[in-house]
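A.B. asks: need a 3D model of the following:
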Amino acid sequence: MSRRVALAAAMVLVAGLACAGAVVAASLAGRGAGGCPRVAAPQTPGAQVLSVSATARSSAGAAPRVPGGPGVPARCDVTVVLTHPPAGDRVRIRISLPTTTWNGRFQAVGGGGFAAGNFGHALDSAVRRGYAAASTDAGVPMSRAGHPTWALRHDRTIDTALLDNFAYRSVHDMSRIGEQVTTRFYGRPPTYSYFTGCSTGGRQGLVEAQRYPGDFDGILAAAPAISWNRLNFAQLWPQVVMNETGVHPTACELAAFNRAAVAACDGDDGLVDGVIGRPETCRFDPGRLVGTTVHCRGAAVRISPAVADLVRRIWHGPTTRTGRSLWYGLLPGASFGWLAGTTKPLFGPRQGVPFPVAADWVRYFVQRRPAFDPSTIGYAEFEQLLGESLTRYSDVIESDEPDLSAFRAAGGKMLTWHGLADQVVFPQGTLQYRRRVDAAMGGTHATDQFYRVFLAPGVAHCTGGAGPAPRDPLAALVDWVEHGRAPDTLPATTTGARRPRTSHDLCRYPHTAAGGYCG
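C.D. replies: Have a look, this model is predicted:
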């Protein structure tokens, strides 16, 4: 019996499923009629279930405004709403259960940015592959403008219950609720349970391994937004430098530096393929472009020393006023657009446009003033606000505890992949975390027995970019969990419309590609 079967069976007993036979019979009858059965309320410690509802979805996806549409098999969508007394929160969990194509597995899917879950494409994708799948909104739905207005109570204090939901609690609740509903629907527990996510979803996956090591057999945590406080402030660093220096270059100027860096460093890994395979060794000096001319929308622009120095500071990453490094910066080859964006108003000079997630973290959680403008932050205030953020929130949401001994003891397996052209979550943070895990868990070889990391040269945040991205990392994780075949490489493919389709295996850290081969 797998670890997952044993855990799920125990949950069934605790939940008091003496009437399981009747529920299974109703379930089978409902599925045969194209409907959904009545599902008894699941249970999870510390929470109270407020409602359970079920909706049948046809394979044609005919219902209006229902994600998925054609290609998603017939399923039963069960929605569970719960609260954590006395918080008064309302957390929505959706479990999508394929009625005839279940593969015997459960998959929870994570979110992105300040969205704790994904009730659309990610959930549908899991169902297409035969998984009983679940996602949660953590009780923190976004405003129409996309801001985390849930963070603040009316008196401008932090809603700590909702922050706990977003930071760590709700994925754990989803795991327990989802597996109970799956067990009741099919009459048996899932054989294996998985979590998949990227960015915020990747952070959620690592939180599960750190805080709740028994929830999942396998975790796919891609481009994880860990070291959350430092990461958010590092994402603001380009705007801080632009504000302090008064230099606000166009996207065209910044792109010229990446083109030059790729031209200078493409072959460092022994393979000339249009991407920087080893950005950490790229020694391209931005000063080499000073005085050169680039053409931006028909206008000739001469690269200034000030713009070159700005790029140098962005690549170096945030520092104190005395030069001490605070976190990482963009790697050469990663787009500047998300973090170093600027705009030209109708009247006046160009202005900075901070990355929304980082800006909202400062507005709502650190300053607790939604009207605060993060584009006005200078060096001194940057250090002060970062220190406040670390003091208040590290224990809640930093999500980078390296001791994974309980996860290893539970038999869990975890894969992380990260694009080296990630333009918003710095891959150096993932590598630093992996090195800290190595130190805590007995070295690289010991860690590789349950946690492996793969780097994808030229790949942007979670998807896209000029380099090959993993074709099916979940399949590699499943093979490791269920058959004991730990992956040494991940097959990857470039699929961009502007580039020819290429394939290239990604190397397991700490190995790197040399001439197209891992060594």
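A.B. asks: name the SS class of Leu50, please.
C.D. replies: Here Leu50 is recorded as strand under DSSP: H, G, I helix; E, B strand; the rest coil.
A.B. asks: that one contacts Val91, correct?
C.D. replies: No. Leu50 is beyond contact range of Val91, at 9.1 Å (criterion: Cβ atoms under 8 Å). (C-beta placed from N, C-alpha, C; glycine too.)
A.B. asks: joint contacts of those two?
C.D. replies: Counting by Cβ atoms under 8 Å, 6 or more residues apart in numbering, the residues touching both Leu50 and Val91 are Val81, Leu82, Thr83.
A.B. asks: about what we covered before: tell me which of Leu50 and Val91 has more neighbours.
C.D. replies: Comparing Leu50 with Val91 by other Cβ atoms under 10 Å, the one with more neighbours is Val91, at 27 against 13.
A.B. asks: and the pLDDT for the residue nearest to that one when sequence neighbours are not counted?
C.D. replies: Among residues not flanking Val91 along the chain, Gly139 sits closest, at 4.0 Å (Cβ to Cβ, 6 or more residues apart in numbering). Per-residue confidence (pLDDT) for Gly139: 97.
A.B. asks: residues near Glu308, how many?
C.D. replies: Glu isn't right for residue 308; it's Ala. Residues near Ala308, counting by other Cβ under 10 Å: 22.
A.B. asks: what's the burial count for the closest residue to it other than its chain neighbours?
C.D. replies: Closest residue to Ala308 apart from its sequence neighbours, by Cβ to Cβ, 6+ apart: Pro286 at 4.2 Å. Using other Cβ under 10 Å, Pro286 has 22 neighbouring residues.
A.B. asks: could you list which residues are in contact with the residue nearest to Val91?
C.D. replies: Listed by Cβ under 8 Å, 6+ apart, the contact set of Gly139 reads Thr83, Asp89, Arg90, Val91, Arg92, Trp150, Leu162, Asn165, Ser170.
A.B. asks: returning to what we had before: ok, the residue nearest to Ala308 - contacts?
C.D. replies: Residues counted as contacts of Pro286 (Cβ under 8 Å, 6+ apart) are Phe257, Ala308, Asp309, Val311, Arg312, Trp315.
A.B. asks: if we use 7 Å, what do you get?
C.D. replies: Phe257, Ala308, Val311, Arg312 (Cβ atoms under 7 Å, 6 or more residues apart in numbering).
A.B. asks: Gln428 versus that one, what's the distance?
C.D. replies: Separation of Pro286 from Gln428 (Cβ to Cβ, to the nearest Å) stands at 19 Å.
A.B. asks: and the residue nearest to the spatial centre of the chain, how far from His461?
C.D. replies: Most central in the chain under Cα atoms, centre = their mean is Ser199, positioned 1.8 Å from the mean C-alpha point. Separation of Ser199 from His461 (Cβ to Cβ): 7 Å.
A.B. asks: need the residues touching each of these two.
C.D. replies: Ala223, Val425.
A.B. asks: where does pLDDT dip in the stretch 351-500 of the chain?
C.D. replies: 496-500 (pLDDT under 70).
A.B. asks: ok, the nearest residue in space to Val49 that is not next to it in sequence - how many residues close by?
C.D. replies: Distance criterion Cβ to Cβ, 6+ apart; nearest residue to Val49, sequence neighbours excluded, is Ala41 at 4.5 Å. By other Cβ under 10 Å, 15 other residues sit near Ala41.
A.B. asks: what of the one 3 residues further on?
C.D. replies: A count of nearby residues for Thr44, using other Cβ under 10 Å, gives 21.
A.B. asks: ok, now the one 3 residues further on?
C.D. replies: By other Cβ under 10 Å, 21 other residues sit near Ala47.
A.B. asks: tell me the SS of the closest residue to it other than its chain neighbours?
C.D. replies: Excluding its sequence neighbours, the residue lying closest to Ala47 (Cβ to Cβ, 6+ apart) is Leu82, at 4.7 Å. In three-state terms, and counting by three-state DSSP, Leu82 is strand.
A.B. asks: what does the one 3 residues further on give?
C.D. replies: Here Pro85 is recorded as coil under three-state DSSP.
A.B. asks: dump the C-alpha coordinates for stretch 358-378 into PDB.
C.D. replies: Output of stretch 358-378 as PDB, limited to C-alpha atoms (Å, rounded to 0.1, in the frame of the first residue of the first chain):
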ATOM      1  CA  ALA A 358       5.800  43.800  -5.400                       C
ATOM      2  CA  ALA A 359       4.200  47.300  -5.400                       C
ATOM      3  CA  ASP A 360       1.100  45.900  -3.700                       C
ATOM      4  CA  TRP A 361       3.100  44.100  -1.100                       C
ATOM      5  CA  VAL A 362       4.600  47.400   0.000                       C
ATOM      6  CA  ARG A 363       1.300  49.300  -0.300                       C
ATOM      7  CA  TYR A 364      -1.000  46.900   1.600                       C
ATOM      8  CA  PHE A 365       1.300  44.900   3.900                       C
ATOM      9  CA  VAL A 366       4.300  47.000   4.800                       C
ATOM     10  CA  GLN A 367       3.000  50.600   4.500                       C
ATOM     11  CA  ARG A 368      -0.700  49.700   5.000                       C
ATOM     12  CA  ARG A 369      -1.500  52.600   2.700                       C
ATOM     13  CA  PRO A 370      -3.100  51.600  -0.600                       C
ATOM     14  CA  ALA A 371      -2.500  55.100  -2.000                       C
ATOM     15  CA  PHE A 372       1.300  54.900  -1.400                       C
ATOM     16  CA  ASP A 373       3.400  55.200  -4.600                       C
ATOM     17  CA  PRO A 374       6.300  52.600  -4.600                       C
ATOM     18  CA  SER A 375       7.900  54.300  -7.600                       C
ATOM     19  CA  THR A 376       8.900  57.200  -5.200                       C
ATOM     20  CA  ILE A 377      11.100  54.900  -3.000                       C
ATOM     21  CA  GLY A 378      14.800  55.900  -2.700                       C
END
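A.B. asks: identify each buried residue in it, please.
C.D. replies: 358-368, 374-375, 377 (16 or more other Cβ atoms under 10 Å).
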